[in-house]
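Trainee: I'll drop the sequence and a predicted model, then ask my questions.
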Amino acid sequence: MSHYDYNTAGGYFLTFCTHNRKHFLSRIVGAIHESPEIQLTACGHIVDAILQNIPPHLHVTIDRYVIMPNHVHLIAVITEDDTLRAIRESPLHSSTIISNLIGYIKMNASKAIRRHYGDITVWQRGYYDHVVRNHADYMALAEYIQTNPLRWELDKLYSAE
């Protein structure tokens with residue numbers, strides 16, 4: 001939303017994809033009738049470690065996430081504090097907490113992955129964002145994250161027919 005202040009306290013559902021949607025972050029295993037399981041690749045473990053260790057200076061916590069083969073979904077929460085108020089009021093601050101978060105994740109994951117696998121392009125440009133509007137919206141998004149591996153397997157099944 002072009003008019004929205006992405007430094008505002010609250011929840012944000014974010015999605016970002018690998019370059020050319022290449023499958024290298026995880027594998028989905030398990031029968032469709034069971035609960036499909038995510039097996040992270042070495043690259044997926046790098047992303048996982050970054051998501052679990054977001055530094056406090058970014059002013060955001062990761063509430064829940066899923067690392068799919070070619071994309072990541074997460075709910076990030078910005079909490080109100082004096083530092084956040086100062087960031088929102090600063091005329092010199094042109095980037096947002098959300099864009100800084102995505103930049104931090106992508107940059108650090110890319111550096112670590114390139115150290116191990118050479119000079120590859122890891123991420124697609126940009127990201128998708130959705131402002132969490134209320135508790136019902138949050139619950140629907142949390143369920144979407146939780147059930148994403150099952151939808152992945154069902155999509156694969158139906159696209160093979």
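Mentor: Sure thing, it's come through. Residues are numbered from 1 along each chain as shown.
Trainee: mind checking how far Asp48 is from Ala140?
Mentor: 24 Å (Cβ to Cβ, to the nearest Å). Every C-beta, even on glycine, is put in place using the N, C-alpha and C of the backbone.
Trainee: Looking at those two, which is more packed in?
Mentor: Asp48 (18 against 11; other Cβ atoms under 10 Å).
Trainee: Quick check: buried residues in stretch 147-157?
Mentor: 148-149, 152-153 (16 or more other Cβ atoms under 10 Å).
Trainee: In strands, which of those residues appear?
Mentor: Applying DSSP state E to the buried residues of stretch 147-157, no entry is found in strands.
Trainee: now those as JSON lines including pLDDT?
Mentor: Converted to JSON lines, these look like this (pLDDT from 0 to 100):
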{"residue": "Asn148", "pLDDT": "93"}
{"residue": "Pro149", "pLDDT": "92"}
{"residue": "Trp152", "pLDDT": "83"}
{"residue": "Glu153", "pLDDT": "76"}
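Trainee: mind putting those in CSV, distance to Tyr6 included?
Mentor: Conversion of the buried residues of stretch 147-157 to CSV gives the following (distance: Cβ to Cβ, whole Å):
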residue, distance to Tyr6
Asn148, 23
Pro149, 28
Trp152, 28
Glu153, 33
